[in-house]
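1. any chance you can model this:
(one chain, ligands or ions: 2)
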Amino acid sequence: MFSHRVRVATVRSMRMTVIGCGYLGAVHAACMAELGHEVIGIDVDPEKIAALQAARAPFYEPGLPELLERTMATGRLRFTTDIAEAAGSAVHFVCVGTPQKKGEFAADMKYVDAAVDALIPHLGAGELVVGKSTVPVGTAARLASRIADRAPDTEGLAWNPEFLREGHAVEDTLTPDRLVYGVDGGADTAEGKRAKALLDEVYATPLKRGTPLIVTDYQTAELVKVAANSFLATKISFINAMAELCEKVNADITQLADAIGHDDRIGRKFLNAGLGFGGGCLPKDIRAFMARAGELGADQTLTFLREVDSINMRRRIRMVDLAREVCDGSLIGRRVAVLGAAFKPLSDDIRDSPALNVAAQIRLQGGDVVLTDPAALDNARKAVPDISYAETVEDAVRGADVVLLLTEWKEYRDLEPATISGLVKNKRILDGRNALDPARWRAAGWTYRALGRPRA
Ligand SMILES: NC(=O)C1=CN([C@@H]2O[C@H](COP(=O)(O)OP(=O)(O)OC[C@H]3O[C@@H](n4cnc5c(N)ncnc54)[C@H](O)[C@@H]3O)[C@@H](O)[C@H]2O)C=CC1
Ligand SMILES: O=C(O)[C@H]1O[C@H](OP(=O)(O)OP(=O)(O)OC[C@H]2O[C@@H](n3ccc(=O)[nH]c3=O)[C@H](O)[C@@H]2O)[C@H](O)[C@@H](O)[C@@H]1O
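-> Ligands and ions are numbered 1, 2, ... in the order given. Below is the predicted model:
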């Protein structure tokens with residue numbers, strides 16, 4: 001188990017700014033302080049900053065509360081809404097959101113542009129701006145020239161994409177599997193070498209441990225990030241396409257995944273079939289990538305990602321259809337217990353959550369939904385106010401016509417049929433994440449159905 005503490009190499013402490021303290025920035029700020037740096041986290045959201053100032057994590061992320069408490073107690077980490085406090089930092093990380101534009105596939109760059117514009121008047125000689133947000137290729141070059149025009153004494157800009165996973169964000173930041181620096185003109189220019197030297201100081205601890213480092217130009221660094229997320233999304237949709245076929249012939253997708261996953265060239269990771277991918281990143285990143293390819297005149301290049309997206313969205317519809325099917329053809333007035341709202345376990349993030357999307361669709365089809373989740377209930381209540389919520393599994397399943405497991409939290413994976421058999425109206429369970437043992441549930445008298453697994 002990862003202890004969330006790393007042995008910190010003897011590093012020269014740098015003063016740095018982290019602009020945008022959401023899922024990425026708050027963790028980055030705390031981890032940079034853990035590595036020995038002096039860090040100021042800045043966000044325009046006063047509520048988020050108030051929570052962070054009180055050493056409270058504004059979202060669920062294992063290990064973050066302890067890390068905030070520890071690093072803030074040292075005095076190395078503080079938070080503010082005042083961008084003027086960025087003045088004097090050696091490095092300024094930009095970690096603001098790049099969500100999908102309303103009604104379009106493209107990323108909305110207004111937060112990144114606003115953050116850089118707000119920062120420029122406070123930049124001093126020799127300071128480096130470092131983008132971490134996920135952006136369309138070409139963004140770094142555009143922002144670099146804006147900085148060069150308006151703050152010519154600075155070291156300009158580098159792009160340092162982030163690969164952390166929610167739920168493992170602290171360990172992923174402290175012990176990344178690789179570091180990527182996109183620097184002006186690439187590794188061999190004088191500007192590139194100076195930017196690299198600053199980033200090497202930032203990441204002295206992981207670099208001393210031998211973390212692989214790729215130093216490249218802006219455009220390659222930007223593409224690395226969206227290529228990585230596109231590959232992961234493609235892997236998930238590949239296995240979900242196989243699951244669709246398994247459903248046609250009553251084959252078992254979990255055995256298929258195990259069998260192909262034993263081939264090292266394929267690998268078993270990210271081959272968990274089920275409801276598919278959601279969250280604040282994979283869905284919007286593949287769409288923004290397609291939009292950007294279109295702008296670059298490469299419309300055909302990424303059309304496969306459209307298929308990746310469609311396969312992914314079809315899984316949600318299939319889940320609703322399955323619920324209707326086991327409820328004898330209609331969801332109207334049926335009590336549907338939903339286990340899970342977060343887009344994945346160990347997170348309270350409900351952005352584009354497959355679980356919440358399925359719950360909302362069932363409600364639209366007349367189902368009487370009661371949902372529970374160990375971490376995401378407050379966020380879910382705000383986003384989908386017209387379903388009912390329960391604090392416990394027992395309360396959620398009481399009187400249910402069907403139980404849907406949609407986010408595979410450990411407590412749901414470990415659920416014993418006996419715990420809830422006496423509470424439901426009908427013993428029917430739909431496993432949207434292939435997280436349960438079908439034999440066990442069937443032996444306890446339940447109708448067990450799953451995406452891509454045999455009917456009985
Ligand atoms: N969430 C994740 O696991 C990862 C996210 N990313 C990328 O990082 C970026 C941020 O993502 P999240 O942290 O998830 O988003 P988020 O929505 O949780 O956080 C963004 C934060 O930026 C703040 N903000 C907006 N405009 C600002 C401004 N002008 N000045 C200061 N703060 C401002 C917002 O108030 C918010 O707190 C995105 O580009 C995302 O694709 C990359 C890797 C992992
Ligand atoms: O750019 C980002 O923000 C991040 O996006 C993902 O991280 P994250 O969104 O936190 O979560 P993942 O663990 O990748 O899961 C994404 C979604 O895919 C689903 N998934 C994952 C794996 C799998 O086998 N099957 C599957 O359906 C999950 O349930 C979840 O809904 C990437 O894994 C990170 O490397 C990246 O930094």
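
2. can you list the residues of the protein near ligand 1?
-> 19-25, 42-45, 48, 95-98, 111, 114-115, 118, 133-134, 162, 164, 166, 280-281 (Cβ under 6 Å from any ligand atom). Yep, even glycine has a C-beta here, placed from its N, CA and C like the rest.

3. buried subset of the residues you listed?
-> Buried subset of those (neighbour count, 16 or more other Cβ atoms under 10 Å): 19-25, 42-44, 48, 95-98, 111, 115, 133-134, 162, 164, 166, 280-281.

4. mind listing which of those are in helices?
-> Counted as lying in helices by DSSP state H, out of these, are Y23, L24, G25, K48, Y111, A115.

5. what residue ranges in this protein score low on pLDDT?
-> Within the chain, the stretches with pLDDT under 70 are 1-11.

6. what ranges do the strands span in it?
-> Secondary structure of the chain by DSSP state E: the strands cover 15-19, 38-42, 77-80, 91-94, 128-131, 156-159, 179-183, 213-217, 335-339, 368-372, 388-389, 402-405, 428-431, 447-450.

7. contacting residues for E391?
-> T372, L377 (Cβ atoms under 8 Å, 6 or more residues apart in numbering).

8. R455 too?
-> N250, R449.

9. and it, backbone torsions?
-> Phi and psi for R455, reported as degrees, to the nearest 10, are phi -70, psi -40.

10. for ligand 2, see how far away it is.
-> Counting by Cβ to the nearest ligand atom, to the nearest Å, the gap from R455 to ligand 2 is 22 Å.

11. run through the buried ones among the residues of the chain next to ligand 1 and flag the ones next to ligand 2.
-> T134, E162, L164, E166, C281.

12. from those residues, which two are the most distant?
-> For these, the farthest-apart pair by Cβ to Cβ is T134 and E166; their separation is 13.6 Å.

13. number of nearby residues for the nearest residue to R315 once chain neighbours are set aside?
-> Spatially, and ignoring its direct neighbours in sequence, R315 is nearest to G276 (4.2 Å; Cβ to Cβ, 6 or more residues apart in numbering). By the other Cβ atoms under 10 Å criterion, the neighbourhood of G276 contains 29 residues.

14. go on, I120?
-> I120, neighbours per other Cβ under 10 Å, totals 17.

15. for M313, same thing?
-> M313, neighbours per other Cβ under 10 Å, totals 15.

16. and the residue of this structure nearest ligand 1?
-> G22 (1.8 Å; Cβ to the nearest ligand atom).

17. that residue and V94 touch, don't they?
-> No - with contacts counted by Cβ atoms under 8 Å, G22 stays clear of V94, the gap being 12.0 Å.
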